[in-house]
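> How does the following fold in three dimensions:
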Amino acid sequence: MSPETGPLLEVRGLVREFELPGRTFFGPRRFLTAVSDVSFTIRRGEILGLVGESGSGKTTIGRIVMRLLDPTRGQVLFDGLDLTAMKGRKLRQQRRRFQMVFQDPYASLNPRMRVGEIVGEPLLIHGLADSPSWRREKVARLFDRVGLSSHDLERYPREFSGGGRQRVGIARAIACSPDLLVADEPIASLDLSIGAQIINLFASLNETERMSLLFISHDLSVVRYLSDRVVVLYRGQAVESGPTREVFAAPAHPYTRLLVSQDPAALAEPRNGESGSSGLCSFLPRCPDALPVCREVAPKRSEVDGGGREVVCHLAFGQASWTPSSPSPSIQGSA
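Sure thing, here's the model as predicted:
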């Protein structure tokens, strides 16, 4: 994986709020902030991993990038074009260049359509099908590319295993040769061996087709194996980002260290039953290395080591040689 220069996707200051139910007639509106000031870029041919616990905002970001959800604030630039300002025809013209692979392949496939029709449908929608025979040949080549047989074209989604259905979903996503794939927990419902095959398929598409990939996952071992760079999310905020090997080898944010250690006790509950302080670090109640300043001033994003790593933590300010209170265990295994 050797990313080409130049950004393909730029996410700038992304914020997404959801209104909470239960508002009384005269009462104030209440909001939940699912994504808070998240920024990152994906270069052409690059794989970016987006990791964090359940509820960290990963899927929300993926859906905003795909324009399936509108941001409250912020921008999503695709090849220099502001997707958040696009609607209708202009958006449809760009949509063939970025596609999504969903977590549940069965739910994303029409059970009444044969899989050959499902995979060929994007070609029809975007006016890329010259004739029925050409479309069938194209779909057959796509099936071969993702590890399926042309004999499967007439089958229905229910006739495939979970891994087979995910391959159909990937074939549909790459039908129009997009520049970017957004993969949202694509192996979460698959067993280990099948999941490893799907991960290798993504790596192959990146290598041979030069497709950029936003890979959303809670599985750090998979992200470590597949991605060039990683963004770590906690409660909607990007707390650390940088080259994957460097972030996992020496995590600079206390939350990243907890994720890497995969300590269930440390990840389960806030320390001392506290909740996050408004306007301060949201990780403060769970932080084993909190400083007095953490209870007084909100941390700002800072660069660490000058290697493209960014951390939102007081401990990282000018602390290139900072030693955490406990060593960071390495991640075991790979997909």
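
> My reading is that Leu128 lies in a helix. Confirm?
No: counting by DSSP: H, G, I helix; E, B strand; the rest coil, Leu128 falls outside a helix, being coil.

> What's the separation between it and Trp134?
Here the criterion is CB to CB, to the nearest Å. By it, Leu128 lies 10 Å from Trp134. Heads up, the C-betas are built off the backbone N, CA and C, glycines and all.

> Look at these two and report which has more neighbours.
Higher neighbour count among Leu128 and Trp134: Leu128, with 16 against 12, using other CB atoms under 10 Å.

> Got the phi and psi for the more buried one?
phi -110, psi 0 (degrees, to the nearest 10).

> what about the closest residue to it other than its chain neighbours, how many residues close to it?
With CB to CB, 6 or more residues apart in numbering as the measure, Cys176 is the residue that lies nearest to Leu128, at 6.2 Å, once sequence neighbours are left out. Counted by other CB under 10 Å, the residues lying close to Cys176 total 16.

> cool, the one 5 residues further on as well?
Counted with other CB under 10 Å, residues neighbouring Leu181 total 23.

> helices or strands up against the helix or strand harbouring it?
Assigned by DSSP states H and E, Leu181 belongs to strand 180-184. Packing partners of strand 180-184 (3 or more CB pairs under 8 Å, 6 or more residues apart in numbering; DSSP states H and E): helix 58-65, strand 98-101, helix 192-209, strand 212-217.

> hang on, the residue nearest to Leu128 packs against Leu124?
No: assessed by CB atoms under 8 Å, Cys176 is found out of contact with Leu124, at 10.6 Å.

> Where do the strands of the stretch 151-300 of the chain begin and end?
With strands called from DSSP state E, counting those that start in this stretch, the stretch 151-300 of the chain shows them at 180-184, 212-217, 229-234, 237-243.

> Output those as TSV; include the columns distance to Glu310 and mean pLDDT.
Shown next, in TSV, are the strands of the stretch 151-300 of the chain (distance: least, CB to CB, whole Å; pLDDT from 0 to 100):
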stretch	distance to Glu310	mean pLDDT
strand 180-184	22	96
strand 212-217	18	96
strand 229-234	9	96
strand 237-243	5	94
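
> To Val260, which of those strands lies closest?
Proximity to Val260, assessed across those by CB to CB, is greatest for strand 229-234 (9.6 Å).

> can you give me the offset of that closest one from its chain's centre?
Relative to its chain's centre, strand 229-234 lies at 9 Å (CA atoms, centre = their mean, to the nearest Å).

> Can you find the helix or strand in this structure with the smallest mean pLDDT?
Scoring the helices and strands of the chain by mean pLDDT, DSSP states H and E places helix 264-268 at the bottom, with a mean of 57.

> Can you name the element that comes right after it?
strand 301-304.
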